[in-house]
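Chemist: Provide a 3D model corresponding to the input given below.
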Amino acid sequence: QVQLAESGGRLVQPGGSLRLSCAVTGGAFKDYAMGWFRQAPGKDREIVALTSWSGLSTWYPEITRGRFTISRDNANNMSFLQMNDLKPEDTAVYYCAVDKDVGTVVGNIREYDYWGQGTQVTVSS
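Modeler: Now for the predicted structure:
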């Protein structure tokens with residue numbers, strides 16, 4: 001069974017930075033596509049960053065491109081989301097997830113098999 005656990009969420013001021021971590025246990029993390037997602041109250045869950053098994057291929061939606069960076073450390077079964085120039089609209093619960101069936105970037109949220117419990121990020125002055 002694959003389990004994921006996010007950490008690092010907190011209150012941060014607009015314009016600030018934050019680094020989220022995702023620890024993965026079980027399975028073969030190094031073979032899985034993975035991504036970071038978020039969900040704000042009353043809104044659908046959305047993609048914020050995606051990466052392939054190697055970390056060499058990444059994809060960002062326009063709302064996070066240039067501000068967020070996804071990375072992974074396959075040796076230690078970890079993924080990270082570096083978030084810069086945070087805005088109040090970035091406030092949400094952030095989740096990491098893996099798709100164990102493929103290693104390439106996966107753009108469909110429904111394809112992700114295993115999810116963490118989420119970590120709250122609040123951007124406010």
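Chemist: and Arg110, that's in a helix?
Modeler: Yes: under DSSP: H, G, I helix; E, B strand; the rest coil, Arg110 falls within a helix.
Chemist: ok, it to Pro41 distance?
Modeler: 21 Å (CB to CB, to the nearest Å). Backbone N, C-alpha and C define where each C-beta goes, glycine included.
Chemist: which residues sit against stretch 41-53?
Modeler: Identification of contacts with stretch 41-53 by CB atoms under 8 Å, 6 or more residues apart in numbering yields 30-39, 57-61, 63-64, 68-72, 74, 79, 81, 92, 94-95, 103-107, 109.
Chemist: at 7 Å what do you get?
Modeler: Residues from elsewhere that reach stretch 41-53, judged by CB atoms under 7 Å, 6 or more residues apart in numbering: 30-39, 57-61, 64, 68, 70, 72, 81, 103-107, 109.
Chemist: Which secondary structure element is home to the residue minimising distance to the centre of the chain?
Modeler: The C-alpha lying nearest the average C-alpha coordinate of the chain belongs to Trp36 (CA atoms, centre = their mean; 1.9 Å). According to DSSP states H and E, Trp36 maps onto strand 33-39.
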